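# Here's my sequence, what's the structure:
(chains A and B)
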Amino acid sequence: MAKKSNENLTTIGKALTKLERPEIIMNMIVGLAALCGLLLIGDLFHLRHGKFEAEYLIGFYAFFGFLAFAFIIFATKVLKKLISRKEDYYAPNVVDAEDYPEGELEMKEHGDA
Amino acid sequence: MPEFLVPYLQSPVYLFVLGALILPLLPKGDLRAVLTIIIPILSGFIVWNAAPGMHGVTTLAGMEITLMRVDKLSVIFGLIFSAAAFLSAVYAWHVKDWVQQIATLLYAGTAIGAVFAGDLISLFVYWEGTALASVFLIWARRTPGAYATGMRYLIIQIGSGVVLIAGIALHYNATGSIAFERLTGAGPDSWGLGTWFIFLGFGIKCAFPLMHNWLQDSYPAATVTGTVTLSAFTTKMAVYCLARAFPGTEMLVYIGAVMTLFPIFFAEIENDLRRVLAYSLNNQLGFMVVGVGVGTELALNGTAAHAFAHILYKALLFMSVGAVLYRTGTSKASELGGLYRTMPLTMIFCIVGAASISAFPLFSGFVAKSLILDAAADNKYPWVWAVLVFASAGVLSHSGIKIPYFAFFSHDSGKRPKEAPMHMLIAMGLTAFACIFIGIFPSTLYALLPYEVNYVPYTTAHVLAQMQLLFFALLAFALLMRYGFFPAETRTINVDSDWFYRKLAPSVSGLIVAVLRTVWSELARGAGHCVNAAQLLLQRLYGPGGRFESVQPTGAMVLWLAILLGAALAVNLISLT
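Numbering: from 1, shown residues only, chains lettered A, B, ... in the order given. Here you go, the predicted structure:
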């Protein structure tokens, strides 16, 4: 489908399109990193306590979260090569290779009545 | 009213059956939809006001049947099932297909019947009832693919019932009891074959590893509204049954841990967002199963709380992706993107569901899942605890980020669909409200739990730990995305354990058939030569001018002809089948 303009969007939609500029996205990432930094500082005040020794390590959850996420993404890249098949691999006995029956849907464009 | 009916009226199931009978008699249109909304409300009312104890006790073929066991464990599941039926009925207001409406009523009704069943026989009846009713939500799509998928689903669901009834029969033989109670005894070493079968029957519907794929195969094949309904009942009914019969079975801790783990990777690869959610459902069931396996009061509270919260946020996520499918005709990540422009409310509801399932503080997942994690930690399962923490980051990746990101943000697909219809927005709004309400006021949920709760989810330590985990995972996502490491979505499917019965088994059986066919045709060819030779010989002997022509009567020849003809027919018949 051809790219459509961002005219006549919903109010929220219009406001959010303004955030799609690369420099704003970069600012958001920096902001997120700053927030992460603040959360790490919390560890220095021994605010956390837990049931396992590992939980007392400074930044334990932070690194766990970051590494777990990165691991999942890279592992799936490998796994995808192994287990990915075309949509019609099991055809005709699957819905993946079919279109959803249109009669069941109400496919309307923004601005339609 | 006939006396024998009285016990059956104790359980709210009759409401749903009555509704299913009345519905086709009503004029087509809104009145039918109103009925599907009112019945779950009445059911919730009955469950809420039911007095604790055993009701609806009767005898059937000499066995004591209990249709309404009311205790805190059954009530919390009864309530959330009624709520789920209500919310999906609101969401399905536009559906005019009476097959789906009746199927939804009977499905919800039998699932509610199952959680109140006090004996294994009525449990079995409701167990199979959910299978039979729910398959129509898949078939209602009315395409060849959906038909075949429905058949696979039905075979496995009915199969779990067959395993269950075999287990019940063996258990009855061994113990003389059909009471649906704690069966785990002193652990698996003490189990008879019957107990194992019952465990396995529950396990199939609970989507244990390697028995899970019916879920990911079938849920995305149902209708827009059907998937929302499907997501609530079958698997949580199985979780309830495990919590009732097998609490503290250590094996479940490890089974559950595996369940939380492997679907993460499959979900991350999967393109169809409704199937991503089905994998995610599997992962969430894992947390509940771990809770059952740990089996302490805290853990079982965690399982019940998580089932309650999960039904709501999972329904919300399925609703939002369903709304996208309803408006655009697809739920595939590769075809979507940028929809926030014109479907902002659906986007917001989707994010509420995503935040809830990811267990952000102030959302329902946070106050429910932490009970299970703490119970695992208390009971010294450090590795399982670590797996659950890892899985929590995984939940963020596939449900928390992937679903809203690929549907509503990501690249601009150019699609500008209209916002979801009002009734869908209302259903999503109510569900989103419940997710946030539980997150902010956890004591309302804790009051419903089976055991007394002395748990404070909002401590500085706990909030800080969870925020670190989630925000650093988010940071990883942002960086991977910014620097192009995040894999793009492609129009592909995953092979999973179902490959064994969908590809391997048919090709093996195809091979066996081919071998047998070759052997058979060679044998038949050989036999054909013999027949020809015999015919020639006979012709020489009995034919015109033959030696016996004058001696043998014609009748004998007709008889032999008939025998040969019969043999030829038999050979044909066998080669046909």
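
# can you pull the contacts of the closest residue to residue A:102 other than its chain neighbours?
The spatial neighbour of residue A:102 that comes closest, neighbours along the chain excluded (C-beta to C-beta, 6 or more residues apart in numbering or on different chains), is residue B:329 at 6.7 Å. Every C-beta, even on glycine, is put in place using the N, C-alpha and C of the backbone. When contacts are counted by C-beta atoms under 8 Å, 6 or more residues apart in numbering or on different chains, residue B:329 is found next to A:99, A:100, A:102, A:105, A:107.

# Which of the residues you listed sits closest to residue B:73?
Ranking the contacts of residue B:329 by separation from residue B:73, with C-beta to C-beta as the measure, puts residue A:100 on top at 38.6 Å.

# quick one, phi psi at that closest one?
In terms of degrees, to the nearest 10, the main-chain angles of residue A:100 are phi -70, psi 130.

# now it: how far from chain B?
Noted for residue A:100: a distance of 6 Å to chain B, by C-beta to the nearest C-beta, to the nearest Å.

# For the residue lying closest to that residue once chain neighbours are set aside, give me phi and psi.
Spatial nearest neighbour of residue A:100, excluding adjacent residues (C-beta to C-beta, 6+ apart): residue B:329 at 5.5 Å. Listed backbone geometry of residue B:329 is phi 90, psi 0, with angles given as degrees, to the nearest 10.

# now residue B:329: how far from residue B:137?
Residue B:329 sits 19 Å away from residue B:137, going by C-beta to C-beta, to the nearest Å.

# follow-up on the earlier one: show me the contacts of residue B:329 that map onto strands.
Where the contacts of residue B:329 are compared with strands, as defined by DSSP state E, there is no overlap at all.

# now those residues as TSV including neighbour count?
Rendered in TSV, the data for the contacts of residue B:329 read as follows (neighbours: other C-beta atoms under 10 Å in any protein chain shown):
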residue	neighbour count
A:99	9
A:100	20
A:102	9
A:105	16
A:107	16
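
# Same list, those, but as a markdown table with pLDDT please.
Compiled in a markdown table, these are given as follows (pLDDT from 0 to 100):
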| residue | pLDDT |
| --- | --- |
| A:99 | 92 |
| A:100 | 94 |
| A:102 | 91 |
| A:105 | 93 |
| A:107 | 94 |
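
# quick one: which of those residues is nearest to residue B:284?
Proximity of the contacts of residue B:329 to residue B:284 (C-beta to C-beta) peaks at residue A:100, which lies at 25.6 Å.

# just the helices in the stretch 401-550 of chain B please.
Counting by DSSP state H, counting those that start in this stretch, one finds helices in the stretch 401-550 of chain B at the ranges B:403-408, B:422-440, B:442-446, B:460-482, B:499, B:505-542.

# Nearest to residue A:67, out of those?
Closest to residue A:67 of these, according to C-beta to C-beta: helix B:460-482, at 7.9 Å.

# Now do the contacts for residue B:220.
Contacts for residue B:220 were tallied using C-beta under 8 Å, 6+ apart; they are A:95, B:227, B:272, B:274, B:275, B:278, B:331.

# most surrounded residue in those residues?
For those, the largest neighbour count, defined by other C-beta atoms under 10 Å in any protein chain shown, is 29 neighbours, found at residue B:278.

# what about that residue, distance to chain A?
With distances taken as C-beta to the nearest C-beta, residue B:278 is found 13 Å from chain A.

# low-scoring stretches of the chain, by residue?
Since you didn't name a chain, this refers to chain A. Under the criterion pLDDT under 70, the flagged ranges of chain A are A:1-4, A:46-48.

# The intended chain is chain B.
Applying pLDDT under 70 to chain B flags the ranges B:547-558, B:570-577.

# rerun at 50
When the per-residue scores of chain B are filtered using pLDDT under 50, the ranges that remain are B:576-577.

# Show me where it has its strands.
With DSSP E as the definition, chain B shows strands at residue ranges B:53-60, B:63-70, B:492-494.

# ok, how many other residues are close to residue 64?
Went with chain A since none was named. By the criterion of other C-beta under 10 Å, residue A:64 has 23 neighbours.

# hm, I was asking about chain B
Look at residue B:64: counted by other C-beta under 10 Å, it has 15 neighbours.

# quick one: it and residue B:119 touch, right?
Yes - contact status for residue B:64 versus residue B:119: in contact at 6.6 Å, counting by C-beta atoms under 8 Å.

# Find residues that contact each of the two.
With C-beta under 8 Å, 6+ apart, residue B:64 and residue B:119 have common neighbours residue B:178.

# Report the buried residues of stretch A:80-96.
For stretch A:80-96, the buried set under the neighbour-count rule, 16 or more other C-beta atoms under 10 Å in any protein chain shown, comprises A:80, A:83, A:84, A:87, A:89, A:90, A:94, A:95, A:96.

# Can you lay out those as JSON lines showing secondary structure?
Formatted as JSON lines, the entries for the buried residues of stretch A:80-96 read as follows, by DSSP: H, G, I helix; E, B strand; the rest coil:
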{"residue": "A:80", "secondary structure": "helix"}
{"residue": "A:83", "secondary structure": "helix"}
{"residue": "A:84", "secondary structure": "strand"}
{"residue": "A:87", "secondary structure": "coil"}
{"residue": "A:89", "secondary structure": "coil"}
{"residue": "A:90", "secondary structure": "coil"}
{"residue": "A:94", "secondary structure": "coil"}
{"residue": "A:95", "secondary structure": "coil"}
{"residue": "A:96", "secondary structure": "coil"}
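
# The closest residue in space to residue B:452 that isn't next to it in sequence: what's it in contact with?
Distance criterion C-beta to C-beta, 6+ apart; nearest residue to residue B:452, sequence neighbours excluded, is residue B:297 at 7.5 Å. By C-beta under 8 Å, 6+ apart, the residues touching residue B:297 are B:450, B:451, B:452.

# and residue B:174, how many residues sit next to it?
If we define neighbours as other C-beta under 10 Å, then residue B:174 has 12 of them.

# Test my guess that it contacts residue B:192.
Yes - under the criterion of C-beta under 8 Å, residue B:174 makes contact with residue B:192 at 4.9 Å.

# Just the buried ones from the contacts of residue B:297, in PyMOL syntax?
For the buried members of these, the matching PyMOL selection, counting by 16+ other C-beta under 10 Å, is:
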select buried, chain B and resi 450
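
# What is the nearest of the contacts of residue B:297 to chain A?
The nearest member of the contacts of residue B:297 to chain A, counting by C-beta to the nearest C-beta, is residue B:451 at 20.0 Å.

# For the closest one, which non-adjacent residue is closest in space?
For residue B:451, the nearest residue in space outside its immediate sequence neighbours is residue B:297; the separation is 3.9 Å by C-beta to C-beta, 6+ apart.

# Just the CA coordinates for stretch B:160-167, please, in CSV.
The C-alpha trace of stretch B:160-167 is given here as CSV (Å, rounded to 0.1, in the frame of the first residue of the first chain):
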residue,chain,number,x,y,z
SER,B,160,-7.4,-35.2,26.9
GLY,B,161,-10.9,-36.1,28.1
VAL,B,162,-10.3,-39.8,27.0
VAL,B,163,-7.1,-39.8,29.0
LEU,B,164,-8.9,-38.2,31.9
ILE,B,165,-11.9,-40.7,32.0
ALA,B,166,-9.4,-43.6,31.7
GLY,B,167,-7.6,-42.2,34.7
